[in-house]
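In: okay, predicted coordinates and the sequence, questions at the end:
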Amino acid sequence: MTTETNPRVVPTAKQLAFQDWEFGLFLHFGLRTFYEGYADFDERPMTPEAFNPVRLDCEQWIRAAKVAGMTYAVLTAKHHDGFSNWPSKYSRFTVAASPWKDGRGDVVREYVDACRKHGLKAGLYYSPFDGSADFYTQDAKAYDDYFVNQITELLSGYGDIDILWFDGCGSEDHTYDWNRIIGTIRGLQPDILIFNMGDPDFRWIGNEDGIAPVPCWNVADSADFSIYTEEKERFGERLWLPAECDVQMRANGKSWFYSDEDEHLVKSVDELMGLYYLSVGRGANLLLNIGPNREGLLPAKDTAHLARFGEEIRRRFGSPLATLADFARQGRQWRYVAAESRLIDHIVLQEDLTDGERALAFTVSIVSAKSRRTVAVYEGRNIGHKAIVRIPAVKAAGVIVEVTSSDGEPSLRGLSIHYAGDPSLPF
């Protein structure tokens, strides 16, 4: 059967590993941090002399991520303004021109070292657009040289980098020599994951709200690449491209960088959990942004909400009532019979994606506590990496999951039942 999720399109091992990471910290930090109200592509001049994060502590950033249960991080090595958070030899618009550490500092170095020390995967954001390079619009070949030289510095001077995150904003009408650029990247670090442009391993979800659509398939032949255009980057073939949802900790904040003006917009744990269901719960990764402040620290309120968010994820999903080993498979049904009826409100499914995405539709039914009748309570489409089914609390004597449509034989790698309601309520 031919479907939009052709099972012959399969993930690489590193793509499967990325999907298991699920939850990461986005860190927008740089010269813009020191210019309140500065917007993308702002024409007001900035000077490296303003960059001086006197208490910079990248370990504080990564410890906070670790406490929340995050497994990876992505730092802006260079944003659209062109300021390099490392002492690049190919620009004068870098940390080396700042008073911070007398021009001998290197944010990228301290960040990568912190990630390694605390066991997080280290990603680097690099904006292909560069507002500091006059030749960006004047000499495409010279800019490609600059692009390749800077990427070479980042991928040869800091050990293994797990993600290279390309932001397409500003690149809507620019053509890069992607064959040369990607060849350099893959030659230097064959195992790196590239985000969204050139030769992507995973894609942007297409909004900055942290919301994945229904359904959210893993196979795509195009991807959104910039918030400033409806045009898509088309790949000419169908590729395995898992999605990542990026979103700000501060709701509707004007900037992804730190601001003095929007602390009151720090998202509540309730809203953060909603985004978790709408991203991780729909098979995508969640990349949550916090902008370190002008001292070089994650702000206290953002950090506190992040920690509570991680606690709530663990509270809801850390102690399942039953797991896949407790289910008996019969054809395309997985059946669980409880020793006694229990209140449940979540069922979490994970498809085995090794050979591609096969499940196209599924149902979740319960066995009612009193009548012992099978009652369907949820119908879904793709399962993918993870599908979190949230239902009103109901007392059930059993749970039945059935794949009702598939392209090939479906297989589950995870299945669990949870109750995340008031633990003081009787069973």
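Out: Sure thing, it's come through. Residues are numbered from 1 along each chain as shown.

In: need the strands for the stretch 1-150 of the chain, in chain order.
Out: Secondary structure of the stretch 1-150 of the chain by DSSP state E, counting those that start in this stretch: the strands cover 23-27, 72-78, 121-126.

In: what residues sit buried inside whatever helix or strand Phe309 lives in?
Out: Using DSSP states H and E, Phe309 sits within helix 300-317. Of all the residues in helix 300-317, those buried under the rule 16 or more other Cβ atoms under 10 Å are Asp302, Thr303, His305, Leu306, Phe309, Gly310, Glu312, Ile313, Arg316, Phe317. All C-beta atoms are positioned from the backbone trio N, CA, C, and that covers glycine.

In: next: stretch 411-425.
Out: Leu412, Gly414, Leu415, Ser416, Ile417, His418, Tyr419, Ala420.

In: surely the third one is in contact with Gln350?
Out: Yes: contact status for Leu415 versus Gln350: in contact at 7.1 Å, counting by Cβ atoms under 8 Å.

In: between the strands of the stretch 1-150 of the chain, which gets nearest to Pro190?
Out: When those are compared by Cβ to Cβ, strand 121-126 sits nearest Pro190, at 16.0 Å.

In: touching the closest one from outside, list them.
Out: Residues from elsewhere that reach strand 121-126 (Cβ atoms under 8 Å, 6 or more residues apart in numbering): 21, 24, 26, 71-79, 108, 111-112, 115-116, 150-151, 154, 160-167, 193.

In: which of those residues are buried?
Out: Taking 16+ other Cβ under 10 Å as the criterion, what is buried in these is 21, 24, 26, 71-79, 108, 111-112, 115, 150-151, 154, 161-167, 193.

In: just to revisit the earlier point, will you turn the buried residues of stretch 411-425 into JSON lines that also has secondary structure and distance to Phe129?
Out: As requested, the buried residues of stretch 411-425 are arranged in JSON lines below (DSSP: H, G, I helix; E, B strand; the rest coil; distance: Cβ to Cβ, whole Å):
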{"residue": "Leu412", "secondary structure": "strand", "distance to Phe129": "42"}
{"residue": "Gly414", "secondary structure": "strand", "distance to Phe129": "40"}
{"residue": "Leu415", "secondary structure": "strand", "distance to Phe129": "44"}
{"residue": "Ser416", "secondary structure": "strand", "distance to Phe129": "43"}
{"residue": "Ile417", "secondary structure": "strand", "distance to Phe129": "47"}
{"residue": "His418", "secondary structure": "strand", "distance to Phe129": "44"}
{"residue": "Tyr419", "secondary structure": "coil", "distance to Phe129": "48"}
{"residue": "Ala420", "secondary structure": "coil", "distance to Phe129": "43"}
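
In: and these as CSV, adding distance to Arg32 and pLDDT?
Out: Below are those laid out as CSV (distance: Cβ to Cβ, whole Å; pLDDT from 0 to 100):
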residue, distance to Arg32, pLDDT
Leu412, 45, 98
Gly414, 41, 98
Leu415, 45, 98
Ser416, 42, 98
Ile417, 46, 98
His418, 41, 98
Tyr419, 45, 97
Ala420, 39, 95
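
In: how about the helices in the protein?
Out: Along the chain, the segments classed as helices by DSSP state H run 13-21, 58-67, 107-118, 140-156, 178-188, 269-278, 300-317.

In: many thanks, I have nothing further to ask.
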